[in-house]
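A.B. asks: Okay, structure incoming, though there's no sequence with it:
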């Protein structure tokens with residue numbers, strides 16, 4: 001199998017699909033049943049704009065996304081690390097990552113994200129005074145990072161691996177070759193060790209950082225592990241190692257999908273019964289272990305399903321894949337402003353969600369496609 005060709009089909013489509021989930025996730029956050037808005041410190045709210053129209057159905061959707069989609073994004077990004085390193089060398093890869101990740105992050109934090117957060121300032125009772133907004137944004141709200149937290153953290157992971165000894169990734173890759181069950185067992189073990197102790201110690205949703213360089217403290221090692229696993233597997237013929245006739249570790253994609261659904265139902269039941277932390281250490285430990293198992297199972301299910309069923313390219317998939325990075329960068333202003341404009345509109349939470357999702361996806365997709373007509377912007381996003 002030609003590894004490069006397979007990358008151009010299903011793996012890019014999977015990354016684009018996750019980008020769609022990110023947009024849908026953020027669209028749903030304004031209408032989640034658990035949502036709240038802090039008028040004195042809007043950065044402490046569950047979302048920049050929170051609507052009175054709510055639905056607990058969105059809690060389930062958001063909870064499921066939260067389990068897997070960012071770890072899977074880091075893993076997919078890691079898959080391309082070794083090939084880029086071989087083509088460009090350390091110096092060339094450093095410059096390319098600074099251009100493709102560092103510069104877009106800076107531009108997003110200086111322009112895109114402040115525009116996105118202005119409606120939060122307005123919902124909190126702020127005026128149309130841009131200077132007052134920026135003063136509050138930088139010093140009181142402490143420069144919210146928004147979705148580009150993923151971009152700066154991905155850049156940091158790339159730079160960190162570049163500091164490793166030259167052959168370390170290749171040595172790890174060689175030792176895991178032709179051992180699919182060993183790969184999954186090691187991946188699961190390291191995932192448990194990287195997330196469970198920190199979640200029990202620090203809490204499940206603890207963010208920290210300085211200025212726009214925010215990250216989720218309990219998950220940073222977890223995310224790095226997924227990126228590292230992607231880099232290690234990307235240094236070898238990882239599809240041949242993991243897959244055998246479209247089955248992964250001896251099981252088909254539909255099996256992994258059904259298993260993922262069953263584990264998520266169990267996780268939801270445990271959440272409603274207070275096992276996420278209200279019932280003592282033993283219950284919380286079991287909950288965190290199940291969370292990690294569900295994460296890995298869902299990642300495996302999506303890798304298997306997309307490899308089996310989404311291998312063909314079409315115009316829409318090609319466009320979505322080509323513009324996915326820009327959609328991630330630009331969707332937030334379209335999304336937050338749409339949610340703000342709908343605050344006083346009498347519509348169901350579901351109708352508002354669909355409208356916001358369509359505006360955010362269409363606006364960011366169209367803007368990215370337009371910008372990419374410039375060769376300079378196409379190299380950037």
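C.D. replies: Now that the structure is in, tell me what you want to look at. This structure is a prediction, so every number in the text was calculated from the model and none was measured.
A.B. asks: And residue 209, what's its pLDDT?
C.D. replies: The model reports residue 209 with a pLDDT of 88.
A.B. asks: Which of the three states applies to it?
C.D. replies: Under DSSP: H, G, I helix; E, B strand; the rest coil, the three-state class of residue 209 is strand.
A.B. asks: and if you look at the one 10 residues further on?
C.D. replies: Three-state secondary structure (criterion: three-state DSSP) places residue 219 in helix.
A.B. asks: I figured it was touching residue 202, is that so?
C.D. replies: No. Using Cβ atoms under 8 Å, residue 219 makes no contact with residue 202, being 9.6 Å away. C-beta here means a position set from N, CA and C on the backbone, and glycine is covered the same way.
A.B. asks: okay, the two: which has more neighbours?
C.D. replies: residue 219 (22 against 14; other Cβ atoms under 10 Å).
A.B. asks: The more buried one: what's its closest spatial neighbour, skipping adjacent residues?
C.D. replies: Closest residue to residue 219 apart from its sequence neighbours, by Cβ to Cβ, 6 or more residues apart in numbering: residue 195 at 6.6 Å.
A.B. asks: low-scoring stretches of the chain, by residue?
C.D. replies: 1-8, 166, 177-178, 245-251, 274-279, 312-313 (pLDDT under 70).
A.B. asks: give me that answer again for 80
C.D. replies: Low-confidence segments of the chain, defined by pLDDT under 80: 1-8, 165-181, 237, 240-253, 272-280, 310-314.
A.B. asks: what helix or strand does the residue nearest the centre of it sit in?
C.D. replies: For the chain, the residue nearest the mean C-alpha position is residue 70 (2.9 Å; Cα atoms, centre = their mean). Here residue 70 sits within helix 57-79, counting by DSSP states H and E.
A.B. asks: do the same with residue 359
C.D. replies: Going by DSSP H and E, residue 359 is part of helix 349-371.
A.B. asks: in that helix, what's buried?
C.D. replies: By 16 or more other Cβ atoms under 10 Å, the buried positions in helix 349-371 come out as 349, 352-353, 355-357, 359-361, 363-365, 367-368, 371.
A.B. asks: What helices and strands are in contact with it?
C.D. replies: helix 12-29, helix 57-79, helix 315-341 (3 or more Cβ pairs under 8 Å, 6 or more residues apart in numbering; DSSP states H and E).
A.B. asks: okay if I get the ones you listed as JSON lines plus distance to residue 376?
C.D. replies: Formatted as JSON lines, those follow (distance: least, Cβ to Cβ, whole Å):
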{"stretch": "helix 12-29", "distance to residue 376": "22"}
{"stretch": "helix 57-79", "distance to residue 376": "23"}
{"stretch": "helix 315-341", "distance to residue 376": "14"}
